[in-house]
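*Asks:* prediction below, plus the sequence it came from.
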Amino acid sequence: MKNAVKLVFVLDQSGSMGTLREETITGFNKVLKDQRELNIETTVDLFLFNHEILREIKNKPLNGVANLVNYFPGGSTALLDAIGTAIDTVGKDLVALTENERPNKVMVIIITDGEENYSKEYSLEDIQVKVEHQTTKYSWEFLFIGANIDAFECGTNLNIGQTMQYNATAYGTKKMYTFCSSTIGTYSKSK
């Protein structure tokens, strides 16, 4: 394994995120900027989700990732499908790499402002098993960040220990992305 980081963002793009569209774009782009300044070899995946899941960024070196602009909230919240799709897709990508090409750290950052209300492919139990497997077998880190829900309960239900609750306001969103960036930075720099 090489000394590198893979960041996998699973970002809610459902209709309720519409009022904070600009803050979400600005905050996400600031996270990318902050991570670039760390000068750590990093690749990025971004899964945007509502009732559909779109892989907006696919395994791109951090320095080659353009600022997020294609973010248009609408639709329902297929949270479980988004998490399951991200884990399965990135897992397959990593299996296809040689041992020397694989990053030694993988962090999945899930950001949502609402409850699951649309998933068709994955159940809660499916996600619990997948998170547990990736955490224990491959040492993946998961960070669950939620608003308008009990993020701690939701994170616990998903087998995710690292959780943050935020307020779905302009100020709360800005603070959340600052925390998110700091948490990712600490993880990226850790031994």
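*Replies:* All right, it came through fine.

*Asks:* touching, Ala82 and Phe49? I think so.
*Replies:* Yes: at 3.6 Å, Ala82 and Phe49 qualify as touching, with contact defined as C-beta atoms under 8 Å. Backbone N, C-alpha and C define where each C-beta goes, glycine included.

*Asks:* so what sits against both of the two?
*Replies:* 10, 12 (C-beta atoms under 8 Å, 6 or more residues apart in numbering).

*Asks:* strands of this protein, start to end?
*Replies:* 2-12, 42-49, 53-61, 103-112, 141-146, 162-165 (DSSP state E).

*Asks:* quick one: which of those is nearest Val69?
*Replies:* For the strands of the chain, the distance to Val69 is smallest for strand 53-61, at 10.1 Å, taking C-beta to C-beta.

*Asks:* so for that closest one, what gets flagged as buried?
*Replies:* 53, 56-57 (16 or more other C-beta atoms under 10 Å).

*Asks:* same check on stretch 128-141?
*Replies:* Across stretch 128-141, burial judged by 16+ other C-beta under 10 Å covers 130-131, 134-135, 140-141.

*Asks:* can you check stretch 100-114 too?
*Replies:* 102-103, 105-114.

*Asks:* can you check stretch 150-166 too?
*Replies:* In stretch 150-166, counting by 16+ other C-beta under 10 Å, buried: 151, 154-155, 158-160, 163-166.

*Asks:* please identify which of those residues is nearest to Tyr177.
*Replies:* Closest approach between these and Tyr177, by C-beta to C-beta: Tyr166, at 9.0 Å.

*Asks:* give me the spatial nearest neighbour of the closest one, chain neighbours excluded.
*Replies:* The shortest distance from Tyr166 to any non-neighbouring residue, by C-beta to C-beta, 6 or more residues apart in numbering, is to Met176 (3.8 Å).

*Asks:* tell me who's in contact with that neighbour.
*Replies:* Applying C-beta under 8 Å, 6+ apart, the residues near Met176 are 27, 111, 145, 147, 164, 166.
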